[in-house]
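Enquirer: Sequence and predicted structure, then a few things I'm wondering about:
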Amino acid sequence: MKVGILGATGAVGQKFIRLLQGHPWFEIEALGASERSAGKKYKQAANWIEDVVLPDYIKEKTVKNCDPAEFEGVDFVFSGLDSSVAGEIEKAFAEAGFPVISNAKNYRQDPTVPLLVPEINPDHIELIKTQSFSKDGSGWIVTNPNCVAVPLSLSLKPLYDAFGIEALILTTMQAVSGAGYPGVASLDILGNVVPYISGEEPKVGPETRKLLSALNGTDLELPEFPVQATATRVPSINGHMISVTAKLENPPADVEELKAAYQNWKNPIADLELPFAPKSLYKLHEEEKYPQPRLHADWENGMQLHLGRMRKAEVFDVSFIAMAHNTIRGAAGGAILNAELLVKKGFLG
Ligand SMILES: NC(=O)C1=CN([C@@H]2O[C@H](COP(=O)(O)OP(=O)(O)OC[C@H]3O[C@@H](n4cnc5c(N)ncnc54)[C@H](OP(=O)(O)O)[C@@H]3O)[C@@H](O)[C@H]2O)C=CC1
Ligand SMILES: N[C@@H](CC(=O)OP(=O)(O)O)C(=O)O
């Protein structure tokens, strides 16, 4: 299938370009960005920050405006657009009949738009049928969650299914790549921790509850557990780490029962053979000093969810660490996996 990338010059857009090299189903046809970039060769428009060589055929592509009329012949688009413009542009593409698979936050809480992590809520893609962006239904939007909500929800899903969740307290340790490029000023982050990320904390609870909700007909039945989140920026490059403490409805008797919840959990996409799905979704680290972003974020091509420090908690019931690559599992890689699921389920192609 021929794909377009909106926001192709940005940090997430570049990750899409890198990850789509050699993809067995998807081929990059068109690259879009702002009017500052449109009309230039990609090599002139983008400041390439990936640590691989920029492919020749991408270097020489002319960047387009993010105008649906310029994307004729493209089967669907990935969006890594800045959220200040993603709302209008993604809507225009959906209205023009393009499926849009977005990283941006704008449509995540729209009740007709799936907020999708294939291993958690693949059934939510049915919501696409309730969308009315295009008259014939050919244009629609699917979003992937915030790069904290992805590892958090993946870490919670087996616990939610086995024990139920009553409340969460968590602190994030978010890598600098999450802030895009040039991102956080070096004088703020080198040898330092910044205890606040603007706009981050209010997204964590609502996105996690939407991901874990049950689809009843065309309605999502949202769980009600409260989430107390503190978002901090730390000087790691890739890999968002979260310290989670959970109050559960029916807590496990011991740590072994807690770990067994992950080992016994059935992954709903395990048999679909999606190219970007990690072979083993959960890596439960037994060493107390793991997981670590620098050592583990790239495992399984950046798509694995790392868990560690599983323990009974003195406050609430259980505590653990969750960690995943923020721009791969939490952004471009997650969006590619979403597209693969949508192909397999007959929504794309
Ligand atoms: N970084 C991360 O870890 C994550 C990011 N996201 C989300 O993904 C999106 C992109 O993030 P990131 O790549 O870091 O951001 P960047 O700022 O690096 O990139 C933004 C992109 O949007 C384009 N753009 C900006 N203004 C316009 C416009 N008026 N019209 C068309 N295109 C425009 C830019 O083009 P140009 O170069 O021409 O200005 C660029 O391609 C955001 O919504 C972000 O919240 C989601 C999850 C994780
Ligand atoms: N805010 C996140 C990245 C991000 O862009 O999030 P969102 O997709 O929810 O806007 C971070 O700083 O690490």
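Expert: Received it, and whenever you're ready, just let me know what you need. This one's a predicted model, so the numbers in the text were calculated from it and none came from an experiment. Residues are numbered from 1 along each chain as shown. Ligands and ions are numbered 1, 2, ... in the order given.
Enquirer: Which helix or which strand is home to the closest residue to F26 other than its chain neighbours?
Expert: In space, not counting the residues next to it along the chain, F26 is nearest to V3; the distance is 5.0 Å by C-beta to C-beta, 6 or more residues apart in numbering. For glycine as for every other residue, the C-beta is placed from the backbone atoms N, C-alpha and C. With secondary structure defined by DSSP states H and E, V3 is part of strand 2-6.
Enquirer: by contact count, what packs against that strand?
Expert: Contacting strand 2-6 under the criterion 3 or more C-beta pairs under 8 Å, 6 or more residues apart in numbering; DSSP states H and E are the following elements: helix 11-20, strand 27-33, strand 76-79, helix 83-95.
Enquirer: any residues touching the longest one, and which ones?
Expert: Think helix 83-95. Contacts to helix 83-95, defined as C-beta atoms under 8 Å, 6 or more residues apart in numbering, come from residues 6-7, 34, 66-68, 71, 77, 79, 81, 100, 102, 104-107, 131, 133-134, 139-141.
Enquirer: Apply 10 Å and report the result again.
Expert: Contacting residues not belonging to helix 83-95 are listed as 4, 6-7, 32, 34, 65-69, 71, 74, 76-77, 79-82, 98-107, 113, 131-135, 138-141, 143, 199 [C-beta atoms under 10 Å, 6 or more residues apart in numbering].
Enquirer: Among those, name the ones in helices.
Expert: Among the contacts of helix 83-95, DSSP state H puts none in helices.
Enquirer: from those, which are also near ligand 2?
Expert: Subset of the contacts of helix 83-95 in contact with ligand 2: 103, 105, counting by C-beta under 6 Å from any ligand atom.
Enquirer: now the contacts of helix 83-95: which count as buried?
Expert: 4, 6-7, 32, 34, 65-66, 68, 71, 74, 76-77, 79-81, 98-107, 113, 131, 133-134, 139-141, 143 (16 or more other C-beta atoms under 10 Å).
Enquirer: hmm, back to that, in strands only, show me the contacts of helix 83-95.
Expert: Mapping these onto strands (DSSP state E) picks out 4, 6, 32, 65, 76-77, 79, 99-102, 140-141, 143.
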